[in-house]
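> Here is my input, please return the structure:
(one chain, ligands or ions: 1)
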Amino acid sequence: MDIKEKNLRKLSYGLYLIGAMDGERPCGCIVNTVFQVTSENPIIATSINKNNYTWELVQKNGRFSVSILSEKTRKEVIQKLGFVSGKDHDKYEGIDYRMQDGLPILNEKCCGALICKVVSVTETPTHMVVLASVEDAFDIADTVPMTYRYYHEVIRGGAPKNAPSYIAPEKEDTSNKQTSAQRWVCDVCGYVYEGDLTQEPDDYTCPLCGVNKTHFIKETKEETKMAETERWVCDVCGYVYEGDLTQEPDDYVCPLCGVDKSHFTKE
Ligand SMILES: Cc1cc2nc3c(=O)[nH]c(=O)nc-3n(C[C@H](O)[C@H](O)[C@H](O)COP(=O)(O)O)c2cc1C
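Numbers count the residues shown, from 1 in each chain. All right, here's what the predicted structure looks like:
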């Protein structure tokens with residue numbers, strides 16, 4: 001990894017839901033790029049992939065919402081809204097949202113929301129960089145905003161079910177007697193407990209979603225090895241491929257943003 005790539009990886013991001021409407025149907029997608037660019041009459045910027053259906057809708061309607069995800073946002077919310085397209089999915093099914101000023105905003109475990117109006121757009125080869133004025137804002141919950149780092153390191157997000165490396169957590173592997181490097185995965189939010197969970201008191205609860213110990217599934221040795229070995233990060237959208245990327249065919253593309261293998265950097 002050269003210095004440019006190294007330094008780019010040090011930039012900080014959050015996690016947001018861009019909400020948009022397809023006629024009467026709520027749509028939108030997860031982005032990690034939303035930031036404020038002016039303070040008076042505030043303008044924000046976001047970067048939306050040209051292939052995302054959300055871009056089509058934002059372009060058509062000129063308005064969108066931004067829901068600010070929190071550390072308590074369920075991983076499933078990110079999976080539903082950030083890994084499939086609104087073109088052919090009802091992405092809000094099972095998600096607690098509400099309509100605000102004609103746009104969908106998240107209700108559940110979300111820090112707050114903005115209603116934005118597009119003021120200008122700059123085209124890059126893969127993404128449209130959208131500048132928008134903030135027309136309205138809503139308080140939802142007093143929670144800590146989720147950073148991209150938190151999403152990767154605590155929630156261990158990045159590898160959805162349709163990712164090539166995904167291995168579903170299995171029930172405890174009783175043949176696995178190792179006492180160090182144990183990993184227990186919360187089946188509700190994906191939080192990973194490292195260590196021997198059986199040593200925690202009976203009233204231990206998941207620090208992310210609050211469920212009790214019975215929701216934790218011990219990873220098999222194979223899964224732990226996968227998690228501890230290779231992670232390749234897409235330098236365009238931040239998607240994390242877990243496993244040996246070199247084993248993928250030459251025409252492998254990032255399942256999120258569609259760039260080729262050369263855009264992946266091994267962590
Ligand atoms: C953690 C995470 C971060 C993402 N960041 C961005 C982003 O900054 N810009 C973008 O265009 N897509 C981003 N995506 C991908 C879109 O959310 C994804 O492609 C989505 O399925 C597009 O849905 P749509 O076709 O309904 O718009 C991100 C996804 C995840 C899970």
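> ok, now which ones touch residue 104?
19-21, 26-28, 65, 92, 97-98 (CB atoms under 8 Å, 6 or more residues apart in numbering). C-beta here means a position set from N, CA and C on the backbone, and glycine is covered the same way.
> make it 7 Å
19, 26, 28, 65, 92, 97 (CB atoms under 7 Å, 6 or more residues apart in numbering).
> Bridged to it, which residues?
As for beta bridges, residue 104 partners with residue 99 under DSSP bridges.
> can you tell me how far it sits from the ligand?
Residue 104 is 12 Å from the ligand, where distance means CB to the nearest ligand atom, to the nearest Å.
> per-residue confidence averaged over stretch 69-88?
What stretch 69-88 shows for mean pLDDT is 88.
> And it, what's buried?
69-75, 77-84, 86 (16 or more other CB atoms under 10 Å).
> May I have the secondary structure class of the most centrally placed residue in the chain?
By CA atoms, centre = their mean, the chain has its centre lying nearest to residue 78, at 4.8 Å. At residue 78 the chain is in helix, as set by DSSP: H, G, I helix; E, B strand; the rest coil.
> I'd say it and residue 30 touch.
Yes - between residue 78 and residue 30 a contact is recorded at 5.5 Å, counting by CB atoms under 7 Å.
> intersection of neighbour lists for the two?
Each of residue 15 lies in contact with both residue 78 and residue 30 under the rule CB under 7 Å, 6+ apart.
> returning to that earlier point: ok, which pair from the contacts of residue 104 is furthest apart?
Between any two of the contacts of residue 104, the greatest separation by CB to CB is 12.4 Å, found for 65 and 92.
> higher neighbour count, the two?
The residue with more neighbours, out of residue 65 and residue 92, is residue 65; 28 against 20, by other CB atoms under 10 Å.
> Quick check: bridge partners of the more buried one?
As assigned using DSSP bridges, the partners bridged with residue 65 are residue 19, residue 115.
> Read off the pLDDT value for it.
98.
> That one and residue 131: what is the separation?
16 Å (CB to CB, to the nearest Å).
> how about low-confidence regions in the stretch 151-267 of the chain?
156-180, 188-189, 208-209, 222-229, 236-238 (pLDDT under 70).
> all helices for this protein, in order.
Using DSSP state H, the helices of the chain run over 3-8, 53-61, 75-82, 148-153, 221-228.
> Within range of the ligand, give me the residues from the chain.
15, 27, 29-33, 47-49, 52-54, 78, 82-87, 151, 237-238, 256 (CB under 6 Å from any ligand atom).
> Outline the domain layout of this structure.
Split into domains by automatic domain parsing, the chain comes to 11-149, 158-266.
> highest average neighbour count across those?
domain 11-149 (a mean of 18; mean count of other CB atoms under 10 Å).
> Name the nearest residue to residue 203, sequence neighbours excluded.
Among residues not flanking residue 203 along the chain, residue 212 sits closest, at 7.6 Å (CB to CB, 6 or more residues apart in numbering).
> tell me how far the ends of stretch 38-50 are from each other?
25 Å (CA to CA, to the nearest Å).
> List the contacts of that stretch.
18, 31, 33-37, 54-55, 58, 114, 116, 119, 126-134, 257.
> Run the chain-centre distance for it.
19 Å (CA atoms, centre = their mean, to the nearest Å).
> Ok, stretch 25-34 next?
Relative to its chain's centre, stretch 25-34 lies at 10 Å (CA atoms, centre = their mean).
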